[in-house]
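Asker: Have a look; sequence and predicted model below, questions after that.
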Amino acid sequence: MIKDRNMTSHLYQEQMAQEIAERIKVKYVQEFEVLYRQLSKGR
């Protein structure tokens with residue numbers, strides 16, 4: 001995730017931007033949802 005974030009800061013290639021956007025939708029959103037559920041249990 002950090003690598004993708006760093007790449008977007010200096011990204012000028014449309015294809016790479018689309019690949020990163022797809023990873024955000026497919027992978028990273030799910031990871032944040034898991035983290036949110038775990039953190040919410042402690043309330």
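Answerer: Done, it's in. Numbering: from 1, shown residues only.
Asker: so where's the longest helix in this structure?
Answerer: Longest helix in the chain, counting residues (DSSP state H): helix 29-41.
Asker: what sits up against it?
Answerer: Helix 29-41 has contacts (C-beta atoms under 8 Å, 6 or more residues apart in numbering) with M1. All C-beta atoms are positioned from the backbone trio N, CA, C, and that covers glycine.
Asker: So what's the gap between that helix and the chain middle?
Answerer: How far helix 29-41 lies from its chain's middle: 13 Å, per C-alpha atoms, centre = their mean, to the nearest Å.
Asker: Report how many residues lie close to M7.
Answerer: By other C-beta atoms under 10 Å, the residues close to M7 number 14.
Asker: how close does it sit to F32?
Answerer: From M7 over to F32 the distance is 19 Å, taken as C-beta to C-beta, to the nearest Å.
Asker: Can you dump the C-alpha atoms of the lowest-mean-pLDDT helix or strand in the chain in CSV for me?
Answerer: Across the helices and strands of the chain, mean pLDDT, DSSP states H and E gives its lowest value to helix 2-9, namely a mean of 74. Extracted C-alpha coordinates of helix 2-9, given in CSV (Å, rounded to 0.1, in the frame of the first residue of the first chain):
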residue,chain,number,x,y,z
ILE,A,2,2.8,2.4,0.9
LYS,A,3,4.6,1.6,-2.4
ASP,A,4,1.4,2.4,-4.4
ARG,A,5,0.9,5.6,-2.5
ASN,A,6,4.4,6.7,-3.2
MET,A,7,4.1,5.9,-6.8
THR,A,8,0.9,8.0,-7.2
SER,A,9,2.9,11.1,-6.0
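Asker: Mind listing what's buried along that helix?
Answerer: Within helix 2-9, the residues scored as buried using 16 or more other C-beta atoms under 10 Å are D4.
Asker: ok, then the element right after that helix?
Answerer: helix 14-23 (DSSP states H and E).
Asker: just the CA coordinates of that next one, formatted as PDB?
Answerer: In PDB, the C-alpha atoms belonging to helix 14-23 read as follows (Å, rounded to 0.1, in the frame of the first residue of the first chain):
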ATOM      1  CA  GLU A  14      -2.400   6.200 -17.100                       C
ATOM      2  CA  GLN A  15      -2.100   2.300 -17.100                       C
ATOM      3  CA  MET A  16      -0.200   2.300 -13.800                       C
ATOM      4  CA  ALA A  17      -2.800   4.700 -12.300                       C
ATOM      5  CA  GLN A  18      -5.600   2.400 -13.300                       C
ATOM      6  CA  GLU A  19      -3.900  -0.600 -11.800                       C
ATOM      7  CA  ILE A  20      -3.400   1.200  -8.500                       C
ATOM      8  CA  ALA A  21      -7.000   2.400  -8.500                       C
ATOM      9  CA  GLU A  22      -8.100  -1.200  -9.000                       C
ATOM     10  CA  ARG A  23      -6.000  -2.500  -6.100                       C
END
